[in-house]
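K.L.:
Any chance you could fold what I've pasted below:
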Amino acid sequence: MPVLNERDYLERAVRTVLAQRIDQPMQLILALGPSNDGTTALAAALADSDQRITLVENPDADIPKGLNAAIRASAYPTIVRVDAHSELDPEYTRHALAALERTRAANVGGVMRADGRSPFQRAVARAYNSRIGLGGGAYHVGAPEGEAESAYLGVMRRAVLDEVGLFDESIRRGEDWELNLRIRTAGYRVWFDPALAVTYWPRESWSRLARQFVATGSWRGELVRRFGRRNSLRFFAPPALVLLVLLALAVGVLQATAVLAGIPALIASVAYVPVALYLLLIIVVAAGPAGGSGARDKLWTLIVLPTMHVAWGLGFIAGIVRGARGTVDTSRLGDRNTPLP
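P.N.:
Presented below is the predicted three-dimensional model:
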């Protein structure tokens, strides 16, 4: 479990891991980044209270480096990746181990079941769980059981990880997708099991959400530079939206300044159509049923969905043009003035 500034979530996440109902011995390894909110002291107290918890340092606060440090410190043949913003059902690991054995896969993952505590966080969770929000990937909206491109978090065979080389530490976001690409290229299966579900608590504020998605989009652009069309087509939708919005804005400026007039201006107005349809779609999704959410949840959804799409799209374009260049997801930092690794 990589950990950075997770004081509000860490203890509950740890308790759900330690409560796994399995017959095999287990250990929980926390890879500690340089938190500034008291997380490190909390992690130390948790480790003191249970000998199954081991702490390793992750001074650069990079998720792939932290994961690799934790894997190298592990003693058992199966690696269960978990997140400090996640909570596991008590039967999660038992079911995943059975799926690994049954399917003879190298990595098994399930559904990210996003949830929220505030109207904003619930709106983000609603977007995560929607086909519109994140493109309808299996681990967001579910799919029939079967072979998969990647796996959310993942329950992995340590021997396969050692063979393919663990996580690529030059990739700060999308590291799981790239690892699963290497696993599949090596001839092993990655498996999706919808019976596996993990509760995930998304970002709690608009600024953190936007920073997260800019960073994630930037690294997806980097992955497209490296691996081309092995990336799914759904990753290209947000940058296409950004380009369409920019085109509509350019047409509007040209029409307002009379550079475009008459029939050419009328023809150019077609640029507004896809943007108008997108806005209509967002309104329909926000106004639709959302598990009993109230008016504030729906209003936040109107803001959250475009924020996710535009931030991701802008990051993607930057990543395609110049590469990710070490872009850091600062949304987990407790203070915007905290020096970046």
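
K.L.:
Now do residue 339, the pLDDT please.
P.N.:
At residue 339, the model reports a pLDDT of 37.

K.L.:
Kindly report the same for residue 234.
P.N.:
Residue 234 is given a pLDDT of 89.

K.L.:
Likewise for residue 175?
P.N.:
Looking at residue 175, the pLDDT reads 95.

K.L.:
and it, how many neighbours?
P.N.:
22 (other CB atoms under 10 Å). In this view, the C-beta of every residue, glycine as well, is placed from N, C-alpha and C.

K.L.:
Isn't it up against residue 64?
P.N.:
Yes - if you go by CB atoms under 8 Å, residue 175 and residue 64 touch, sitting 4.4 Å apart.

K.L.:
joint contacts of those two?
P.N.:
167, 168 (CB atoms under 8 Å, 6 or more residues apart in numbering).

K.L.:
in what helix or strand does residue 25 lie?
P.N.:
Taking DSSP states H and E as the definition, residue 25 sits outside all helices and strands.

K.L.:
How many neighbouring residues does it have?
P.N.:
8.

K.L.:
Hmm, it is touching residue 76, no?
P.N.:
Yes - between residue 25 and residue 76 there is a contact under CB under 8 Å: 6.8 Å.

K.L.:
which parts of the strand or helix carrying residue 246 are buried?
P.N.:
For residue 246, the host element (DSSP H and E) is helix 237-256. Applying a neighbour-count criterion of 16 or more other CB atoms under 10 Å, one finds 238, 239, 241, 242, 244, 245, 247, 248, 251, 255 buried in helix 237-256.

K.L.:
any idea of the mean pLDDT for stretch 263-282?
P.N.:
Taken as a whole, stretch 263-282 has a mean pLDDT of 96.

K.L.:
ok now it, how far from the chain's centre?
P.N.:
Taking CA atoms, centre = their mean, to the nearest Å, one finds the center of stretch 263-282 at 31 Å from the center of the full chain.

K.L.:
How about that stretch, which residues are buried there?
P.N.:
268, 271, 278, 282.

K.L.:
Equivalent analysis for stretch 305-321, please.
P.N.:
By 16+ other CB under 10 Å, the buried positions in stretch 305-321 come out as 305, 307-320.

K.L.:
Stretch 43-53 too?
P.N.:
Under 16+ other CB under 10 Å, the buried positions of stretch 43-53 are 43, 46, 47, 53.

K.L.:
same check, this time on stretch 216-230
P.N.:
Within stretch 216-230, the residues scored as buried using 16+ other CB under 10 Å are 216, 217, 218, 219, 220, 221, 222, 223, 224, 226.

K.L.:
What strand or helix carries the third one?
P.N.:
Per DSSP H and E, residue 218 falls inside helix 206-227.

K.L.:
which helices and strands does that helix pack with?
P.N.:
Counting contacts by 3 or more CB pairs under 8 Å, 6 or more residues apart in numbering; DSSP states H and E, helix 206-227 packs against helix 175-185, helix 237-256, helix 295-322.

K.L.:
Quick one: closest of those helices to residue 127.
P.N.:
helix 295-322 (5.1 Å; CB to CB).

K.L.:
same for that closest one, what does it pack against?
P.N.:
Judged by 3+ CB pairs under 8 Å, 6+ apart, the packing partners of helix 295-322 are helix 119-128, helix 131-134, helix 206-227, helix 237-256, helix 272-287.

K.L.:
Just tell me which of those ends up closest to residue 160.
P.N.:
Across the helices and strands packed on helix 295-322, closest to residue 160 is helix 206-227 (CB to CB), at 19.7 Å.

K.L.:
Show residues contacting that closest one.
P.N.:
With CB under 8 Å, 6+ apart as the contact definition, helix 206-227 has outside contacts at 120, 124, 171-174, 177-178, 181, 202-203, 231, 235, 238-239, 303-304, 307-308, 311-321, 323-324, 327-332.

K.L.:
and that helix, C-alpha only, in PDB?
P.N.:
Coordinates of each C-alpha in helix 206-227 appear next as PDB, following Å, rounded to 0.1, in the frame of the first residue of the first chain:
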ATOM      1  CA  TRP A 206     -12.300  20.500  -7.100                       C
ATOM      2  CA  SER A 207      -8.600  21.600  -7.200                       C
ATOM      3  CA  ARG A 208      -7.300  18.200  -6.200                       C
ATOM      4  CA  LEU A 209      -9.600  16.500  -8.700                       C
ATOM      5  CA  ALA A 210      -8.300  18.800 -11.500                       C
ATOM      6  CA  ARG A 211      -4.700  18.300 -10.600                       C
ATOM      7  CA  GLN A 212      -5.100  14.600 -10.400                       C
ATOM      8  CA  PHE A 213      -6.700  14.400 -13.900                       C
ATOM      9  CA  VAL A 214      -4.100  16.800 -15.500                       C
ATOM     10  CA  ALA A 215      -1.400  14.500 -14.200                       C
ATOM     11  CA  THR A 216      -3.200  11.300 -15.300                       C
ATOM     12  CA  GLY A 217      -3.900  12.700 -18.700                       C
ATOM     13  CA  SER A 218      -0.300  13.800 -19.100                       C
ATOM     14  CA  TRP A 219       1.000  10.300 -18.400                       C
ATOM     15  CA  ARG A 220      -1.500   8.700 -20.700                       C
ATOM     16  CA  GLY A 221      -0.100  11.000 -23.400                       C
ATOM     17  CA  GLU A 222       3.400   9.700 -22.500                       C
ATOM     18  CA  LEU A 223       2.100   6.100 -22.700                       C
ATOM     19  CA  VAL A 224       0.700   6.800 -26.200                       C
ATOM     20  CA  ARG A 225       4.100   8.200 -27.200                       C
ATOM     21  CA  ARG A 226       5.700   5.000 -26.000                       C
ATOM     22  CA  PHE A 227       3.200   2.400 -27.000                       C
END
